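**Q** What would the 3D arrangement of this be:
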Amino acid sequence: MIIEEQIYRLIQIERTAQEHKWGIQNHPPLYWLGILMEEVGEVAKAVIEEKRSYNEVKEELVQVAAVSVAFIDSINRNQNY
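**A** Numbering: from 1, shown residues only. The predicted structure is shown next:
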């Protein structure tokens, strides 16, 4: 359970960094999908480039999770989609 809590904490830290950089984002779902797929592409690139470490792959996965949370937050704020 401690490891799971650490993962959630990393996601929260990344969300805070994203909001600090971009502000609160309210995009339509199709735009969010593009952002999310770009982040998934970064994971794929990190995995394919075997010279990259597992830590770098994990960092990219945390970004995917954080963008997913932002996407959900946006939907919750804008139920009229």
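**Q** Please count neighbours and contacts with C-alpha atoms only from this point.
**A** Noted.
**Q** List of residues touching the host helix or strand of L36?
**A** Here L36, judged by DSSP states H and E, is contained in helix 29-48. By CA atoms under 8 Å, 6 or more residues apart in numbering, the residues outside helix 29-48 that reach it are R52, E56, V57, E60, L61, Q63, V64, V67, S68, F71, I75, Y81.
**Q** at 7 Å what do you get?
**A** Helix 29-48 is touched from outside by R52, E56, V57, E60, L61, Q63, V64, V67, S68, F71, with contacts defined as CA atoms under 7 Å, 6 or more residues apart in numbering.
**Q** I'd like the list of those residues that fall within helices, please.
**A** E56, V57, E60, L61, Q63, V64, V67, S68, F71 (DSSP state H).
**Q** Look up the pLDDT of the last one for me, please.
**A** Same thing as F71. At F71, the pLDDT value in this model is 97.
**Q** Which residue is the nearest non-sequential neighbour of it?
**A** Once flanking residues are discounted, F71 sits nearest to W32: 6.1 Å by CA to CA, 6 or more residues apart in numbering.
**Q** so how many other residues sit close to that neighbour?
**A** Close neighbours of W32, defined as other CA atoms under 10 Å, add up to 20.
**Q** Give me the pLDDT value at it.
**A** Reported pLDDT for W32: 97.
**Q** show me where pLDDT drops low in this structure?
**A** 1, 80-81 (pLDDT under 70).
**Q** picking up where we left off before, which of the ones in helices among the contacts of helix 29-48 count as buried?
**A** Neighbour-count burial (16 or more other CA atoms under 10 Å) applied to the ones in helices among the contacts of helix 29-48 gives V57, E60, L61, Q63, V64, V67, S68, F71.
**Q** Can you say which helix or strand has the nearest residue to A65 once chain neighbours are set aside in it?
**A** Residue nearest to A65 in three dimensions, not counting chain neighbours: I11, with 6.5 Å by CA to CA, 6+ apart. For I11, the host element (DSSP H and E) is helix 2-22.
**Q** buried residues in that helix?
**A** Here helix 2-22 shows L10, I11, Q12, E14, R15, Q18 as buried, counting by 16+ other CA under 10 Å.
**Q** isn't the fourth one right next to A65, touching?
**A** No. E14 is beyond contact range of A65, at 9.0 Å (criterion: CA atoms under 7 Å).
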